[in-house]
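Colleague: need a structure here:
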Amino acid sequence: MENNSPLLSAHYVEKANHFLQGMKMLAEDLPAYRTSVALLAIHSAISFNDAILAGIKGQRSKADDHSAAARELLGICRERRLENTHGVRHLTSLLSSKSDVAYGEKRIDDNDIKSAMDKAERFANWAYLHFKEALGARRS
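Modeller: As a prediction, the model looks like this:
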């Protein structure tokens, strides 16, 4: 698999890794940074997805709705006959919580935050396992 936009995919990989590392750092003081940790988990997955789409299609999804980008990723998995689509499920789950995390009136509990962190890590691992050429980078 050739990377169709190495500079753009590298840009999104860098952002994704920054979000992921920030998530881990802030998680060390979860009571003080709970919402930020969850949002960083979500944004790391969005950026990894953007990197995959940029590497394969030459650009990230232009849709305003992030779930459309997840559907686009699922389509790529099907085109490539990739049976393991667990990463798409992790991404979809994270995306479905974005509005509640960012704008919701209810406090997000620790289990939801830990779940978001776990899904972000799992999505990153899945992305590097199945789309390393598209990501154009090694796991940092």
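Colleague: going forward, measure contacts between C-alpha atoms and count neighbours the same way
Modeller: Noted.
Colleague: could you point out the longest helix in the chain?
Modeller: helix 30-57 (DSSP state H).
Colleague: Packing partners of that helix?
Modeller: helix 6-27, helix 66-79, helix 86-103, helix 110-130, helix 132-135 (3 or more CA pairs under 8 Å, 6 or more residues apart in numbering; DSSP states H and E).
Colleague: could you dump the last one to PDB, C-alpha only?
Modeller: Read that as helix 132-135. Output in PDB follows, covering the C-alpha atoms of helix 132-135 (Å, rounded to 0.1, in the frame of the first residue of the first chain):
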ATOM      1  CA  LYS A 132       1.300   1.500   8.900                       C
ATOM      2  CA  GLU A 133       2.100   2.300   5.300                       C
ATOM      3  CA  ALA A 134      -0.700   4.800   5.100                       C
ATOM      4  CA  LEU A 135       0.400   6.400   8.400                       C
END
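Colleague: Can you get me the centre-to-centre distance for it and its chain?
Modeller: Helix 132-135 sits 14 Å away from the centroid of its parent chain (CA atoms, centre = their mean, to the nearest Å).
Colleague: packing partners for that helix?
Modeller: Secondary structure elements in contact with helix 132-135, counted by 3+ CA pairs under 8 Å, 6+ apart, are helix 6-27, helix 30-57.
Colleague: and the gap between the spatially most central residue of the chain and residue 119?
Modeller: Central residue of the chain (CA atoms, centre = their mean): residue 45, 0.9 Å from the mean position. Between residue 45 and residue 119 the distance is 9 Å, computed by CA to CA, to the nearest Å.
Colleague: Spell out which residues are contacts of both of these two.
Modeller: Shared contacts of residue 45 and residue 119 (CA atoms under 8 Å, 6 or more residues apart in numbering): 91, 94.
Colleague: tell me the contacts of residue 79?
Modeller: Residue 79 neighbours (CA under 8 Å, 6+ apart): none.
Colleague: typo on my end, residue 39
Modeller: Counting by CA under 8 Å, 6+ apart, residue 39 touches 98, 101, 102.
Colleague: Now do the contacts for the second one.
Modeller: Contacts for residue 101 (CA under 8 Å, 6+ apart) come out as 35, 38, 39, 108.
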